[in-house]
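> please find the sequence and the predicted model below.
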Amino acid sequence: MEKLSEIAELDAPFNKKITFQKVEYENGFQFLRMRIKEGKRFTIIDLDVHTAQSCADTINQWIGQLD
């Protein structure tokens, strides 16, 4: 069984909505769930802490290049 906690919900370009949730399992595992809604279609990605950090680093690096 999993416990979900809402973190944030963002409106993205092209009428997409991105929802971030904290997912906690009974066995102690924790993930960041990124849920992308595009019309009636959903894409759900569960990220462990290391993958989430790598994604954050990549996004921050890209933002830094925009300056």
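Perfect, thanks for sending it.

> looks to me like S54 is in a strand.
No - S54 is assigned helix when assessed by DSSP: H, G, I helix; E, B strand; the rest coil, not a strand.

> mind checking how far it is from N27?
For S54, the distance to N27 (Cβ to Cβ, to the nearest Å) stands at 24 Å. The way it works is simple: take the backbone N, C-alpha and C, and place the C-beta from them, glycine included.

> with I45 instead?
Distance of I45 to N27, computed by Cβ to Cβ: 20 Å.

> those two: which has the busier surroundings?
Remark: of I45 and N27, I45 carries more neighbours, 13 against 6, as counted by other Cβ atoms under 10 Å.

> got the contact list for that one?
R33, M34, R35, I36 (Cβ atoms under 8 Å, 6 or more residues apart in numbering).

> let's have these in JSON lines, adding distance to L4, neighbour count and secondary structure.
Output for these, formatted as JSON lines (distance: Cβ to Cβ, whole Å; neighbours: other Cβ atoms under 10 Å; DSSP: H, G, I helix; E, B strand; the rest coil):
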{"residue": "R33", "distance to L4": "7", "neighbour count": "17", "secondary structure": "strand"}
{"residue": "M34", "distance to L4": "13", "neighbour count": "17", "secondary structure": "strand"}
{"residue": "R35", "distance to L4": "10", "neighbour count": "15", "secondary structure": "strand"}
{"residue": "I36", "distance to L4": "16", "neighbour count": "15", "secondary structure": "strand"}
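
> with adjacent residues omitted, what lies nearest to L10?
Once flanking residues are discounted, L10 sits nearest to I18: 4.6 Å by Cβ to Cβ, 6 or more residues apart in numbering.

> partner residues bridging the one you found?
L10, I36 (DSSP bridges).

> how many neighbours does it have?
Neighbours of I18 (other Cβ under 10 Å): 15.

> from E24, how far out is it?
20 Å.

> what does D67 give?
In this view, D67 and E24 are 37 Å apart by Cβ to Cβ.
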